[in-house]
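Trainee: Okay, structure incoming, though there's no sequence with it:
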């Protein structure tokens, strides 16, 4: 097993990696990886969703355009979806969306989607480690300026 | 909003590599957080009490617990906050054990990550709304489709549990494939002796309404409130008057009608009662074969019917019933073996299917229980059984093993020896599959005690030579091609999904696999449930299986129905989609993608709007991700709640 | 032009049993036409179906859902009608579709570029589009510009000049051209390195004034006043006019049209500051074509590819780790 | 060149050698049926067994060159009487769907194919374009009281998924054509069994055993003769009938016709177009038994 315990490469600082995981399989896979103490880089923050079908490609667009360096989506393997068809739709929508990134000037390697089942703890460690290395090799993503008057509001106040 | 944050040590599991004090400290600075602490074992009794007290003391509106995976303790903590008077959905968890402390060695990075995960949970909680489970009335009645052994078992169990049962059977009599069998393995006891009494129980049970010779026309509604239209097909005999005396069957002039029950072995009359132990024991006219329907004047049966039950003008009739649950037990069909040109493709009379041979063995069969060669009526001395016909054969799209053919062939080999002591049976096989209790011993007996000659090898061709049938195959154990001259060839034909299973599946809105077998909820954990709430499966319609398994699935499905309908009100999980009718423009994209048919179009003052059936919605959120204007939102996982978690991370930059 | 007369005759026959027939009529200046709603026979004389009829009349059909409407369509417009039908945003029986052989439409910015030295396009006194040239008089001078030099880009890659679906067709219905669309319009952007593309969009989006003309010109944008761009529930965009939110809106528009956009180009034509917003939709359209072999707006029975799926996707390979 | 009823014709090597009678009768029959055959210019071997047992790319390249040659004729269908040639050209077309394999073949032929091709047997063209009904009303000498068994050989319809012609296990195309011209066709279970194929020379004993089984079953059905569509089967059953009798100790005298010869006879084609004299086992006595009227004319 490759040595995955290395410090994050490059600046030694964590990069902003966001993960959208389906509750039934991939979130369970991440839990299994934890139970198995499979050490991984810490950059990835995981958002739990009921299904990969719940992932609207616009979540990825918003995350990448508003400051993230990499986005990872993971759901159940096709045919294993708890809701039978969720991941089939996700597969199509995410694959189509992936083709928009280069046109926008965003490196397509900053977004990956994959299928990990609840039992594949070791495989989840592989996925997170490889994905984190991939993003570190690309370095921090270029930033777009927010709206001028929005800048001062950046104190973390959410306009709820 | 007043939020309380509880950071768990989990003994040392978290505290060892996460500075829990620092995280609790940081939580104070988060939006709407009015109380933040850490505790050794939050999920323990004292830990939960601490939360309850904090809720009351600090008048909290919501709680965030940072500890292990929500897949483990979310239900626990939801009950905790509920006991303290909060709605259970005003609660969020941050997974700082499996996703942080156990997988990261750098304490500083772990602590930073834990803090950010807590911030995400807080930001989501700020947008959570109170959700209460809905109560929907349930009709305590169950529809069982298919009167085979599985359907009979399910009906009897449900009826015995006090539920009203509606049993619908497509053929004129219940009994399914089992009623066509002479004996059953592995005990070689007579099929109608063990099935007959069950069929009589169904007929006599006061809580079971039987619709034989009927089919499902349409199913609407949802769990607890299905509305089913049953089409009672015209049998041209008034079953109220018919006593089943059979006078009409003796006098009917058209004697060449294809006998469906006896698999076309013998012929029968246009008006017939399928078999002596039929339930209901009523006559049915096969319209295609009856002269009256071919324009020729007949009416012989009407003349001889003592109770005047014959009525050639009878029409199909639709009966509507309301049920709370449905059990599909529609069984299977034999594979169409005539695709095999090498076995004669149906051209040779002495090459028959195992089910035809079963009818030949049966005393109530067309040959009265005597084994005879269909070509010349003589008693066969050499009988060859060919295994795996239409099973384990990807070239015709049947790659699976049907599971029961090895066993019934062993039984038929034993029966053949009983009927014709000086006969010689050969069985061409690839592998013998006899996994059940007493199964392998049974096939062993067929070989050792009853002298069946098992030849390991495939048959390449069956062809007539003189009046014999030559079976050419291989014997892989000897490594030689072999030829056997047979008087009779019995094909152990495998099974496939019944031809119109997909049509029924679409009516029930359940999914089916590539072969047409209904899809179970989970292959290991939910074998008799489907992804459609309220619809259950039993028997071979879910996958080919023998009688013991079909019966146990019948009982299993009945148990699931009893659990569902045990209370007269169903409680539905409130994490379902909700439509904002202002924003909905009625493009019905959501209706198209919903895997469960849980969204339907409603006409609101002339405008089409989407409407979610809470009872049917499983909360996958596909509709939410599909709706361009975000008019449909999945409660507890709305766009804003997810965006709140994302923005909680990004605003740090 | 024979077809003009035949077209007018068809509209006159159709007029009695429809609320109105949507087509094009004289515009604010000789050089351009404008959408035109014909309700009684005398309106039909002013019909202008030719190179200046750039607008897509399918835009107005969703509002007329439930009322019988006639619509005159170019090839590209007809594909929008087909897409609206396939998503049952309009009902086939409500629409009377009248096609005519389209020889391509002009691009206003190209004309402006040609007329630059002679004066403002708006001051043209007289302009006549005949078979293959635009003859106009501007500032006292007579000018003739070959049509081929001022045609819109989309017309050079047009496969279906005649309506793909029509109840009536004026003139000879030409079948599909064997033109190959290999997305050369994207080549310019894709020749730049990633970083420069990102800065290109940053510059373009800094010019965007969020007037939503692109959305309002799009025949498939039927959400009208419920668009997520201006909603708080869900709250995808800040209303502030920053580069990030402007680009986010364009991404929303493109993703909402993935597998649906027929490439009619109205969004880009309508943009007052000429931002090439069509490129994003074309990029997703190319992806859908490569992945599912699907072209939007050709078959009213077909289902948008992102509203369905296949168990085994032929062209989608799973990423190996 | 008008497409209707014109076909690029690939005779195959045996047509010029051991099965000349098959080629001559095929050309005569097609001419009589109004099917215009245009020979593929400068055709070469189709890459039959000796080639494809050594190298699939070489075998496909040989067929590919024939296809390239046929492109000059501008006809979209290539037809051939011999099942083995049909198989090899068909396999070449199918295997060249795979890009990698196609490149290997193009490197050998240096003439990449410019369009996609279809190859059919003459039998299929007669069955589908002329149809048994069409044949029936062109008959001048019905083959009454001629009892035949049709022997298809193992290649013509197999494997079903790729050849997609007639029934893979129980073909009836020859039976239907000959019934249309008045012959009585008897059911023949060994219609698809192997006749020994190319073992004729290296392993005569194999052909003797396999061919013997076919001929003895044919004899036991009471047939007057066997009808085939493949030059190799004809050679094994006809030219080696004496060897088979010697090896099996049998005395079978069964003429082995090509279906094209008998169809030609039924259409009233003249003798030297049918080359009955080329057959090893003398067909004379059998031909004379065909409906009394037919026999007089043959001798006159």
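Mentor: Done, it's in. The structure displayed is predicted, hence computed values, not measured ones. Numbering: from 1, shown residues only, chains lettered A, B, ... in the order given.

Trainee: what about residue D:257, which SS state?
Mentor: strand (DSSP: H, G, I helix; E, B strand; the rest coil).

Trainee: For it, the count of nearby residues, please.
Mentor: 29 (other CB atoms under 10 Å in any protein chain shown). C-beta here means a position set from N, CA and C on the backbone, and glycine is covered the same way.

Trainee: tell me the secondary structure for whichever residue of the stretch 151-300 of chain C sits closest to chain B?
Mentor: As assessed by CB to the nearest CB, chain B sits closest to residue C:234 within the stretch 151-300 of chain C, at 3.4 Å. Secondary structure assignment for residue C:234 (three-state DSSP): coil.

Trainee: same check, this time on residue B:422
Mentor: Per three-state DSSP, residue B:422 ends up coil.

Trainee: mind listing what whichever residue of the stretch 51-200 of chain B sits closest to chain C touches?
Mentor: Nearest residue of the stretch 51-200 of chain B to chain C (CB to the nearest CB) works out as residue B:127 at 9.9 Å. By CB atoms under 8 Å, 6 or more residues apart in numbering or on different chains, residue B:127 lies in contact with A:160, B:638, B:640-641, B:644.

Trainee: For chain C, what's its nearest residue on the stretch 251-400 of chain B.
Mentor: Closest point on the stretch 251-400 of chain B to chain C, by CB to the nearest CB, is residue B:397, at 15.3 Å.

Trainee: tally of neighbours for that residue?
Mentor: If we define neighbours as other CB under 10 Å, then residue B:397 has 12 of them.

Trainee: Contact partners for the closest residue to it other than its chain neighbours?
Mentor: Nearest non-adjacent residue to residue B:397, counting by CB to CB, 6 or more residues apart in numbering or on different chains: residue B:515, 7.6 Å away. Applying CB under 8 Å, 6+ apart to residue B:515 gives the contacts B:397-398, B:400, B:496-497.

Trainee: Can you read off the backbone torsions of the residue nearest to residue B:15 when sequence neighbours are not counted?
Mentor: Of all residues not flanking residue B:15 in the chain, residue B:9 sits nearest, at 4.0 Å (CB to CB, 6+ apart). Phi and psi for residue B:9, reported as degrees, to the nearest 10, are phi -80, psi -30.

Trainee: coming back round to it: what pLDDT is listed against the residue nearest to residue B:397?
Mentor: Note for residue B:515: predicted pLDDT of 89.

Trainee: Also the one 4 residues further on?
Mentor: Reading off the confidence values, residue B:519 has pLDDT 86.

Trainee: residues in contact with it?
Mentor: Taking CB under 8 Å, 6+ apart, one finds A:84, B:510-513, B:530-531 in contact with residue B:519.

Trainee: Residue B:457 now?
Mentor: Residue B:457 neighbours (CB under 8 Å, 6+ apart): B:428, B:473-477, B:482.

Trainee: Quick check: the residue nearest the centre of chain C vs residue B:363, distance?
Mentor: Nearest residue to the geometric centre of chain C (CA atoms, centre = their mean): residue C:264, 2.7 Å. Note on residue C:264: its distance to residue B:363, by CB to CB, to the nearest Å, is 76 Å.

Trainee: OK, contacts around residue 135?
Mentor: Just so you know, I chose chain A. Applying CB under 8 Å, 6+ apart, the residues near residue A:135 are A:15, A:17, A:43, A:69-70, A:109-110.

Trainee: Correction: the question concerned chain D.
Mentor: Residue D:135 neighbours (CB under 8 Å, 6+ apart): D:33, D:126, D:177, D:180-181, D:263, D:266-267.

Trainee: that older thread, assumed the residue of the stretch 51-200 of chain B closest to chain C was part of a helix.
Mentor: No - applying three-state DSSP, one finds residue B:127 to be coil, outside a helix.

Trainee: one step back: can you put the contacts of residue D:135 in a markdown table and add secondary structure?
Mentor: Below are the contacts of residue D:135 laid out as a markdown table (three-state DSSP):
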| residue | secondary structure |
| --- | --- |
| D:33 | coil |
| D:126 | helix |
| D:177 | helix |
| D:180 | helix |
| D:181 | coil |
| D:263 | helix |
| D:266 | helix |
| D:267 | coil |
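
Trainee: Residue D:223 against residue D:254, yeah?
Mentor: Yes - in this structure, residue D:223 is within contact of residue D:254 by CB atoms under 8 Å, at 7.2 Å.

Trainee: about what we covered before: what strand or helix carries the nearest residue to the residue of the stretch 51-200 of chain B closest to chain C once chain neighbours are set aside?
Mentor: Excluding the flanking residues, the one nearest residue B:127 by CB to CB, 6+ apart is residue B:641, at 4.7 Å. Assigned by DSSP states H and E, residue B:641 belongs to helix B:639-650.

Trainee: Low-confidence ranges, the stretch 101-250 of chain C, go.
Mentor: Along the stretch 101-250 of chain C, the parts satisfying pLDDT under 70 run over C:174.

Trainee: buried ones in stretch C:278-297?
Mentor: For stretch C:278-297, the neighbour count (16 or more other CB atoms under 10 Å in any protein chain shown) marks C:278-289, C:291-292, C:294-297 as buried.

Trainee: State the three-state secondary structure for residue B:248.
Mentor: Going by three-state DSSP: residue B:248 is helix.

Trainee: So it sits against residue B:301, correct?
Mentor: Yes - if you go by CB under 8 Å, residue B:248 and residue B:301 touch, sitting 3.7 Å apart.

Trainee: Good, we can wrap up now.
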